[in-house]
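J.: this one's structure only:
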């Protein structure tokens, strides 16, 4: 268990799953619900209730699923290490970092590494973020490989990682099984649409990222599966080339 006190602040749409997933490793995590505000409304003065101010003050790390930029700006001014889970654009990030340099805004919450040099944020991203797997395979009677066990060393905070590996445990290692894994990640993903600028649906990137990392772990466990002309070898080469060409974009 990790000794960090985390406050997840949400206006009600996102963050409900994250608190339950994060509590597994960081028990001192709470979800705080703020009033939902129209994102197009300009708020001249943001008022936070005393209970919310107290939770912010006592927390070591804030994770914000709040969708109104004025409210987010006000919370960022509290000088706490803060992760913005919704993409408000690089201009907004630069603005809030001027009042509090200990703020990060990852591409997505499952595409983050512990490389920020901000202690509490890096400690969190060691546990949750860019997914990491440990795979065990067994041979079936037909000689094919089967996923006998998959351990999550690091998972996405929305729970999509865990739900999706349960789907393929006991299944034969085939391109079809790997596709079903990625599609399930996409369906389970609770990553917010980045609504202010690009309106990107990050569930596409999440599926791509989870699959690529699963392929890396699978190759580490059974490199023979990745022979150039084998079904898995061809499949992995195709997916990795799509990533090199297009980045973490939709390809399912």
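T.: Noted; the coordinates are in hand. Keep in mind that this is a model prediction, so the values were computed, not measured.
J.: Count the residues that sit near residue 121.
T.: Residues near residue 121, counting by other Cβ atoms under 10 Å, number 25. To be clear about C-beta, it is placed using only N, CA and C from the backbone, and glycine gets the same treatment.
J.: what about it, helix or strand, and which?
T.: Using DSSP states H and E, residue 121 sits in helix 119-127.
J.: helices or strands up against that helix?
T.: strand 61-65 (3 or more Cβ pairs under 8 Å, 6 or more residues apart in numbering; DSSP states H and E).
J.: after the helix holding residue 121 comes which helix or strand?
T.: Using DSSP H and E, the helix or strand that follows helix 119-127 in sequence is strand 132-139.
J.: Now the element after that next one, going C-ward?
T.: Note on strand 132-139: by DSSP H and E, the next helix or strand toward the C-terminus is strand 145-154.
J.: that older thread, list the buried residues in the helix holding residue 121.
T.: 120, 121, 122, 123, 124, 125, 127 (16 or more other Cβ atoms under 10 Å).
J.: Over to stretch 237-245?
T.: Buried-residue list, stretch 237-245, by 16+ other Cβ under 10 Å: 239, 242, 243.
J.: what does stretch 152-172 give?
T.: Those would be 154-165, 167-168, for stretch 152-172 by 16+ other Cβ under 10 Å.
J.: quick one: which of those residues sit in helices?
T.: 160, 161, 162, 163, 164, 165, 167, 168 (DSSP state H).
J.: ok, the closest residue to residue 217 other than its chain neighbours - contacts?
T.: Leaving aside its chain neighbours, residue 217 sits nearest to residue 133 (4.0 Å; criterion: Cβ to Cβ, 6 or more residues apart in numbering). Applying Cβ atoms under 8 Å, 6 or more residues apart in numbering, one finds that residue 133 lies in contact with 150, 151, 152, 153, 165, 213, 214, 217.
J.: Likewise for residue 144?
T.: Taking Cβ under 8 Å, 6+ apart, we find residue 144 in contact with 172, 173, 174.
J.: try residue 209
T.: 108, 110, 111, 130, 131, 248.
J.: contact partners of the strand or helix carrying residue 241?
T.: Assessed by DSSP H and E, residue 241 sits inside helix 231-246. Under the criterion Cβ under 8 Å, 6+ apart, residues 173-175, 178, 208, 211-212, 215, 218-219, 225-228, 249, 251 lie in contact with helix 231-246.
J.: average pLDDT for it?
T.: Taken as a whole, helix 231-246 has a mean pLDDT of 90.
J.: roughly how far apart are residue 157 and residue 163?
T.: Separation of residue 157 from residue 163 (Cβ to Cβ, to the nearest Å) stands at 13 Å.
J.: Return the distance of residue 110 relative to residue 22.
T.: Using Cβ to Cβ, residue 110 is found at 13 Å from residue 22.
J.: er, residue 28 I mean
T.: Here residue 28 is placed at a distance of 10 Å from residue 22 (Cβ to Cβ).
J.: ok so, going back, any chance of the buried residues of stretch 152-172 in CSV, with pLDDT and distance to residue 89 too?
T.: Formatted as CSV, those follow (pLDDT from 0 to 100; distance: Cβ to Cβ, whole Å):
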residue, pLDDT, distance to residue 89
154, 93, 27
155, 90, 27
156, 87, 22
157, 89, 22
158, 84, 22
159, 84, 27
160, 84, 25
161, 86, 27
162, 86, 31
163, 85, 30
164, 91, 30
165, 92, 33
167, 91, 35
168, 95, 36
